[in-house]
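J.: need a structure here:
(chains A, B, C and D)
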There are 2 protein chains.
Amino acid sequence: MAYTLEQLRGFVAVAEELHFGRAAARLRMTQPPLSRQIQKLESGVGVHLLDRDNRRVSLTPAGEAFLVEARRMLAIAESAPELAQRVSSGYYGLVRLAFTSASTFGILGRLLNELESRLPEVHIELFEMVTREQVAALAAGDLDLGLARPPFDPELFESRLLHREALLLAVRDDHWLAGLDRPLVAADLIREPLIFHSQQKARYFYDLIVSMVPVDQGNVVHAVSQVMTMLSLVSAGRGVAFVPASATRIGVPHVAYLEILTPIEEPVELHLLWPRQSRNPALPRVLAALEHLMP
Amino acid sequence: MAYTLEQLRGFVAVAEELHFGRAAARLRMTQPPLSRQIQKLESGVGVHLLDRDNRRVSLTPAGEAFLVEARRMLAIAESAPELAQRVSSGYYGLVRLAFTSASTFGILGRLLNELESRLPEVHIELFEMVTREQVAALAAGDLDLGLARPPFDPELFESRLLHREALLLAVRDDHWLAGLDRPLVAADLIREPLIFHSQQKARYFYDLIVSMVPVDQGNVVHAVSQVMTMLSLVSAGRGVAFVPASATRIGVPHVAYLEILTPIEEPVELHLLWPRQSRNPALPRVLAALEHLMP
DNA sequence: ATCGACTGATACCTTTTCGGTATGGCCTAC
DNA sequence: GTAGGCCATACCGAAAAGGTATCAGTCGAT
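T.: Predicted coordinates:
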């Protein structure tokens, strides 16, 4: 190596004091080793940085130029540990957060506002993924936190219930069911064409609805995975669809949302999900900041 | 000191290889001292930068952040000596150049163009100063090079004749002298009101003209120091003035320039002037670049 | 001109640090 | 379970750093 940070400190001190003795005192050392430091630095850099004619010390033009660089290096050298400590404490940081498209309409905005106001130094990187993708990315370390729906493997993941909401039936506003003045029951749907969740791509909703409402799979006319798609099809009069309550926020025209009687009042769950072995120091802070959003 | 550049190199190597053995090989050393370097670095920074669980090495978030800073420091550490060497060789550099206002109209532009095309890496800082101020600033080290008029102290300064030019008489274009079809002689001016150079502020021109043209000091109506001022006064019909030939470039309206017979054909000299003890490595290169501008 | 004070460089010694070799502990893979 | 891979530790010799004492050159006062 050509030179050391110690030598740079010595050089900057001498350049500022223009006096080896005073510079040495400032560095809490004696003058001879400082002289040697400067000599080694000069031989390392390959250029005379200081003119010293036994009475007066001055910077050469090369020394002036090098001084600027030396100060830059020392400034970084001083600030870098503090930066690392802040990152390590979770004060600064990056959290890669995934969400399902359905949560976009509901809690995601509130969650991000909360984080921005409570942890402005923590940067949130957003990814839209279905639950299955989130689980894989979290396990692979490509993600820090997910907004996903159960079930999860408790060996690998920790989770907290973040939000629960009712299941509603979306119908066209001129549909006869929209005229009923009472919560629906399964029997009301016995002949209705159903826009249903794909068993593969939206397993959570599929399993949930099947367990909550005894529907006739023979009525299913479309199997899709996105809530938005369902609402478009409902609006087009293709059938009726089960959607989480937060879908009402989307505001698709000519769609009405009807209550359904379910064994559990708000059966649709959204969880915060993160890998147990996460080493991201910002994650605990993020979780703490989101604590009071949870029910 | 908290840590050394050597440790940073070690850390960057390990961060890039994610393997102590390979990193050590890249650094041409063995693995144990590298492990110690990293340990010392971590204790100096106060934070764990690497997670190493006996099978797999990975960066902590703090390590990621610190790696960026480490790379910045090393990049500067590598480039700084080259920069200093370029400055030292005069390849890069700053030359503080002073000029008299009169030279602005003549050679200064050519000189700067020459330098810009030949030494684009040398920055020229410009100062307008009369000769006396230039001499003081050069001696004090506040200036590297002057464009000035003799005489100079050869003990302290070195100089090269850069340019010489004729002395002309500036008159209003409706002045009767403008109608003459021959060079003027002193006798022509015997009754003309003179706008003359200040003996204090423009000593060079004062002495030069007094030695070249026997003028009657009784005819002096104004004593000023700037050529521009003289031309304004001539244009206003206040009198006639001796000016260097380059003044014709200024283009003041209603001023004509007439030849004068002088013992020396082009008596007005402009010199490059620099202190003998100058340590600016760019100065010799600048002088060399200007070599062929000289007569 | 001489002397003393001051400043940076050098000589020399002691302590610290650094890199190398040998080895230990732990995990993974077969 | 054993072999191989990997990082950490222990220990040693060499290099380097810092300290004290001193030298050499310069400036200012007498």
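J.: what about stretch A:248-260, start to end distance?
T.: 14 Å (CA to CA, to the nearest Å).
J.: Kindly report the same for stretch A:263-271.
T.: Distance across stretch A:263-271, first residue to last, is 20 Å (CA to CA).
J.: what does stretch A:232-242 give?
T.: Note: stretch A:232-242 ends 13 Å apart using CA to CA.
J.: got the buried residues for it?
T.: A:Ser232, A:Leu233, A:Val234, A:Ser235, A:Arg238, A:Gly239, A:Val240, A:Ala241, A:Phe242 (16 or more other CB atoms under 10 Å in any protein chain shown). Glycine gets a C-beta too; all of them are placed from N, C-alpha and C.
J.: Grab the nearest non-local neighbour of A:Gly237.
T.: A:Arg172 (5.2 Å; CB to CB, 6 or more residues apart in numbering or on different chains).
J.: Would you state the predicted confidence (pLDDT) at that neighbour?
T.: As predicted, A:Arg172 sits at a pLDDT of 94.
J.: Kindly report the same for A:Met1.
T.: pLDDT, A:Met1: 56.
J.: ok, now A:Arg28?
T.: 91.
J.: And it, how far from DNA strand D?
T.: Distance, A:Arg28 to DNA strand D, by CB to the nearest atom of the strand, to the nearest Å: 7 Å.
J.: residues near that residue, how many?
T.: As a burial measure, A:Arg28 scores 6 neighbours (other CB atoms under 10 Å in any protein chain shown).
J.: A strand includes A:Val243, no?
T.: Yes - according to DSSP: H, G, I helix; E, B strand; the rest coil, A:Val243 belongs to a strand.
J.: hang on, it packs against A:Met228?
T.: No - counting by CB atoms under 8 Å, A:Val243 sits too far from A:Met228 to count as a contact (9.8 Å).
J.: So which of these two has more stuff around it?
T.: Per other CB under 10 Å, whichever of A:Val243 and A:Met228 has more neighbours is A:Val243, with 27 against 16.
J.: Leaving out the residues flanking it, which one is nearest to that one?
T.: Residue nearest to A:Val243 in three dimensions, not counting chain neighbours: A:Ala170, with 4.9 Å by CB to CB, 6+ apart.
J.: Would you enumerate the residues in contact with the one you found?
T.: Counting by CB atoms under 8 Å, 6 or more residues apart in numbering or on different chains, A:Ala170 touches A:Met230, A:Leu231, A:Val234, A:Val240, A:Ala241, A:Phe242, A:Val243, A:Ala247, A:Val255, A:Ala256, A:Tyr257, A:Leu258.
J.: nearest residue to the residue of the stretch 101-250 of chain A found nearest DNA strand D other than its sequence neighbours?
T.: In the stretch 101-250 of chain A, no residue comes nearer to DNA strand D than A:Gly141, which is 17.7 Å away by CB to the nearest atom of the strand. With CB to CB, 6+ apart as the criterion, A:Gly141 has its nearest non-adjacent residue at 7.5 Å, and that residue is A:Pro275.
J.: biggest helix in chain A, by residue count?
T.: helix A:61-89 (DSSP state H).
J.: Next SSE downstream of that helix?
T.: strand A:93-99 (DSSP states H and E).
J.: Just the C-alphas of that next one, formatted as PDB.
T.: Below are the C-alpha coordinates for strand A:93-99, written out as PDB (Å, rounded to 0.1, in the frame of the first residue of the first chain):
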ATOM      1  CA  GLY A  93     -32.200   1.400   6.400                       C
ATOM      2  CA  LEU A  94     -34.000  -0.200   3.500                       C
ATOM      3  CA  VAL A  95     -37.000  -2.500   3.900                       C
ATOM      4  CA  ARG A  96     -38.200  -4.400   0.900                       C
ATOM      5  CA  LEU A  97     -42.000  -4.700   1.300                       C
ATOM      6  CA  ALA A  98     -44.300  -6.800  -0.800                       C
ATOM      7  CA  PHE A  99     -48.100  -6.500  -1.000                       C
END
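J.: ok so, going back, how near is the residue nearest to A:Gly141 to DNA strand C?
T.: Distance from A:Pro275 to DNA strand C, by CB to the nearest atom of the strand: 16 Å.
J.: for A:Gly106, what are its contacts?
T.: Going by CB under 8 Å, 6+ apart, A:Gly106 touches A:His163, A:Glu165, A:Pro244, A:Ser246, A:Arg249, A:Leu270.
J.: And for A:Lys201?
T.: Counted by CB under 8 Å, 6+ apart, A:Lys201 has contacts A:Val130, A:Ser225.
J.: Is it part of a helix or strand, or is it coil?
T.: coil.
J.: Please report phi then psi for it.
T.: Main-chain dihedrals, A:Lys201, degrees, to the nearest 10: phi -90, psi -20.
J.: same question, A:Gly239
T.: Per degrees, to the nearest 10, the backbone of A:Gly239 is at phi 160, psi -160.
J.: so what's it scoring on pLDDT?
T.: Looking at A:Gly239, its pLDDT is 93.
J.: now the one 5 residues further on
T.: Reading off the confidence values, A:Pro244 has pLDDT 93.
J.: was I right about it contacting A:Ala102?
T.: Yes - here A:Pro244 reaches A:Ala102: they are 6.1 Å apart, a contact under CB under 8 Å.
J.: so what's in contact with these two at the same time?
T.: A:Val227.
J.: Could you tell me how far A:Leu287 is located from A:Leu111?
T.: 11 Å (CB to CB, to the nearest Å).
J.: So for the two, which residue has more residues nearby?
T.: Between A:Leu287 and A:Leu111, counted using other CB under 10 Å, A:Leu111 has the larger neighbour count: 22 against 16.
J.: Hmm, A:Met294 and that one touching each other?
T.: No - at 10.6 Å, A:Leu111 does not count as touching A:Met294 under the criterion of CB under 8 Å.
J.: Quickly list what's touching both of the two.
T.: In contact with both A:Leu111 and A:Met294: A:Leu162, using CB under 8 Å, 6+ apart.
J.: that older thread, export the contacts of A:Gly106 to JSON lines and tack on secondary structure?
T.: Formatted as JSON lines, those follow (three-state DSSP):
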{"residue": "A:His163", "secondary structure": "strand"}
{"residue": "A:Glu165", "secondary structure": "strand"}
{"residue": "A:Pro244", "secondary structure": "strand"}
{"residue": "A:Ser246", "secondary structure": "helix"}
{"residue": "A:Arg249", "secondary structure": "helix"}
{"residue": "A:Leu270", "secondary structure": "strand"}
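J.: Any chance of a ChimeraX selection covering the buried ones in these?
T.: In ChimeraX, a selection of the buried entries from those looks like this (16+ other CB under 10 Å):
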select /A:163,165,244,246,270
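J.: from the contacts of A:Gly106, which two are the most distant?
T.: Spatially, the most separated pair among the contacts of A:Gly106 is A:Arg249 and A:Leu270, at 14.3 Å (CB to CB).
J.: Next one: the nearest residue to A:Gln277 once chain neighbours are set aside from A:Gly90, what distance?
T.: The shortest distance from A:Gln277 to any residue other than its chain neighbours is 7.9 Å, reached at A:Leu156 (CB to CB, 6+ apart). With distances taken as CB to CB, A:Leu156 is found 22 Å from A:Gly90.
J.: on that earlier part again, how many neighbouring residues does the residue of the stretch 101-250 of chain A closest to DNA strand D have?
T.: Counted with other CB under 10 Å, A:Gly141 comes out at 14.
J.: Show me which residues of chain A sit near DNA strand C.
T.: Chain A comes close to DNA strand C at residues A:18-21, A:31-32, A:35-36, A:38-39, A:52, A:54-55, A:57, as judged by CB under 7 Å from any atom of the strand.
J.: For these, pick the one with the most neighbours.
T.: With neighbours taken as other CB under 10 Å, the top of the residues of chain A next to DNA strand C is A:Ile38, carrying 23 neighbours.
J.: Assign a three-state SS to it, would you?
T.: Look at A:Ile38: counting by three-state DSSP, its state is helix.
J.: re the thing from before, what would the contacts of A:Ala170 look like in JSON lines with distance to B:Val135 and secondary structure?
T.: Output for the contacts of A:Ala170, formatted as JSON lines (distance: CB to CB, whole Å; DSSP: H, G, I helix; E, B strand; the rest coil):
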{"residue": "A:Met230", "distance to B:Val135": "89", "secondary structure": "helix"}
{"residue": "A:Leu231", "distance to B:Val135": "87", "secondary structure": "helix"}
{"residue": "A:Val234", "distance to B:Val135": "92", "secondary structure": "helix"}
{"residue": "A:Val240", "distance to B:Val135": "98", "secondary structure": "strand"}
{"residue": "A:Ala241", "distance to B:Val135": "93", "secondary structure": "strand"}
{"residue": "A:Phe242", "distance to B:Val135": "94", "secondary structure": "strand"}
{"residue": "A:Val243", "distance to B:Val135": "89", "secondary structure": "strand"}
{"residue": "A:Ala247", "distance to B:Val135": "86", "secondary structure": "helix"}
{"residue": "A:Val255", "distance to B:Val135": "90", "secondary structure": "strand"}
{"residue": "A:Ala256", "distance to B:Val135": "94", "secondary structure": "strand"}
{"residue": "A:Tyr257", "distance to B:Val135": "91", "secondary structure": "strand"}
{"residue": "A:Leu258", "distance to B:Val135": "97", "secondary structure": "strand"}
